[in-house]
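In: Provide a 3D model corresponding to the input given below.
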Amino acid sequence: MGKTLRAVAAAGLLVGGLAAVLGPASPASADTQICETYGSTTIGGKYVVMNNNWGNSATQCINVTGSGFSISQINANKPTNGAPASYPAIYVGCHYTNCSPGTNLPMQISAISSAQTSISYNFVNGATYDAAYDIWLDPTAKKDGVNATEIMIWFNRQGSIQPVGSRVGTTSIAGRSWEVWQGNNGGNDVISYVAPSPISSWSFDVKAFINDVISRGKATTAWYLTSIQAGFEPWIGGQGLAVTAFSATVNGGGGGGGGGGGGGGGGGGGTAACTATYRTINSWSGGFQGEVTVRNSGTAALTGWSTTWSGGSASISSLWNGRVTATSPVTVRNETYNGNLAASASTTYGFTASGTAPSSVSCASA
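Out: Residues are numbered from 1 along each chain as shown. Model (predicted):
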């Protein structure tokens, strides 16, 4: 998520935190030029394109098309042993509360069956940059600020730059070989996968990389995927770099660790039941952010759940990983992707609201 602490070069230096908040993106019509530091727009009714010139005082402009963007003006000249100038990118999901239209992210990793994505890049010569996916994971369904773990997939590396941390080995993911780098930039863990030669176009499943990160202890299936981003980190030059096509679709139905459906074994069936636990994440004058954890407390698989709030005077402003079915009392049901819970499995939904928090939340199978 570009304005965060990002990949650094040669010496693995720390990048300063960047905390500006993006405003809502307006949709692009025909080609749109963006020169505002954190300017953004939407395309295709599904994606956000952002200029995200977070590390450079000189003007940067991008030309946004119906399928991607190109860097039309850039005056980057950053030391290659430090941070890049910017991260212009296209994404699905949420970035500093700027969420792409109709996104189902954040989504709990255990609920994801696949996260298919496709990219086509246009590279240039004579510049220093990386072309990278930026995939963000967090223990909570976070829509703002810095996430706990950042996955970077470097499709191209030009010049004497390197990812955060140090090289820890090589691996094979999705049929390709990668150098693996690992470190912490002072704000979050970073695991980078660097292609040995440029990849200009590829379709793959993001979950393959997420699974590798989980195996390295930097996330769990209870964490959330919050965004999938693709763009460039330029250090020197970069005019003409372009994402000519991008798509990303995160599919639910992962089921949180059990096979798809019921069936055999176990004799006698068992009973489905659930409990709900509420906690306040943050609060301010007149409002708060809360989270409800729903757990299957029965001995049979849960195929859907509904929670009902008691006490308080909350009026929901935004909600993720659940849907409101009534407002008095507030009732929240599962989404299509997080209703199936095996025995002892859990999921969470989060929200912001005005008023006061509920005193308790009850749960029933649905």
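
In: For D205, see how far away the residue lying closest to S160 once chain neighbours are set aside is.
Out: In space, S160 comes closest to T80 once its chain neighbours are excluded; the distance is 5.0 Å by Cβ to Cβ, 6 or more residues apart in numbering. For every residue, glycine as well, the C-beta is placed using N, CA and C. When distance is defined by Cβ to Cβ, to the nearest Å, T80 is 32 Å away from D205.

In: Just after the strand ranked longest in the chain, pick out the following helix or strand.
Out: Taking DSSP state E as the criterion, the chain has its longest strand at strand 224-236. Following strand 224-236 in sequence order, the next helix or strand is strand 242-252 (DSSP states H and E).

In: where does the stretch 151-300 of the chain dip in pLDDT?
Out: By pLDDT under 70, the weakly predicted segments of the stretch 151-300 of the chain are 254-270.

In: and S360, backbone torsions?
Out: phi -160, psi 160 (degrees, to the nearest 10).

In: Specify the beta-bridge partners of it.
Out: S310 (DSSP bridges).

In: what does I151 give?
Out: In beta-bridge terms (that is, DSSP bridges), I151 pairs with I135, I191.

In: What of T347?
Out: With DSSP bridges as the criterion, T347 is bridged to V294.

In: Kindly export stretch 213-231 (C-alpha atoms) in PDB.
Out: Extracted C-alpha coordinates of stretch 213-231, given in PDB (Å, rounded to 0.1, in the frame of the first residue of the first chain):
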ATOM      1  CA  VAL A 213       4.100 -16.700   3.500                       C
ATOM      2  CA  ILE A 214       1.900 -18.700   6.000                       C
ATOM      3  CA  SER A 215       4.500 -21.500   5.800                       C
ATOM      4  CA  ARG A 216       7.200 -18.900   6.800                       C
ATOM      5  CA  GLY A 217       5.200 -17.900   9.900                       C
ATOM      6  CA  LYS A 218       4.300 -14.400   8.700                       C
ATOM      7  CA  ALA A 219       0.500 -14.900   8.600                       C
ATOM      8  CA  THR A 220      -2.100 -17.500   9.400                       C
ATOM      9  CA  THR A 221      -5.400 -18.600   7.800                       C
ATOM     10  CA  ALA A 222      -7.200 -16.500  10.400                       C
ATOM     11  CA  TRP A 223      -5.700 -13.300   9.000                       C
ATOM     12  CA  TYR A 224      -7.200 -11.200   6.200                       C
ATOM     13  CA  LEU A 225      -6.300 -10.300   2.700                       C
ATOM     14  CA  THR A 226      -7.000  -6.600   2.400                       C
ATOM     15  CA  SER A 227      -5.800  -5.600  -1.100                       C
ATOM     16  CA  ILE A 228      -4.000  -6.800  -4.300                       C
ATOM     17  CA  GLN A 229      -2.100  -4.000  -6.000                       C
ATOM     18  CA  ALA A 230       0.100  -3.900  -9.100                       C
ATOM     19  CA  GLY A 231       2.400  -1.000 -10.200                       C
END
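
In: Distance check, E335 against D138.
Out: Counting by Cβ to Cβ, the gap from E335 to D138 is 18 Å.

In: actually L241, not the one I wrote
Out: 28 Å.

In: of those two, who's got more company?
Out: L241 (24 against 20; other Cβ atoms under 10 Å).

In: which residues does that one contact?
Out: Neighbour list for L241: 70-71, 121-124, 127, 129, 131, 232, 234 [criterion: Cβ atoms under 8 Å, 6 or more residues apart in numbering].

In: let's see 7 Å
Out: 70-71, 122-124, 129, 232, 234 (Cβ atoms under 7 Å, 6 or more residues apart in numbering).

In: Ok, G183 next?
Out: Per Cβ under 7 Å, 6+ apart, neighbours of G183: 12, 164-166, 190.

In: just T336 next, same as before
Out: Residues near T336 by Cβ under 7 Å, 6+ apart: G252.
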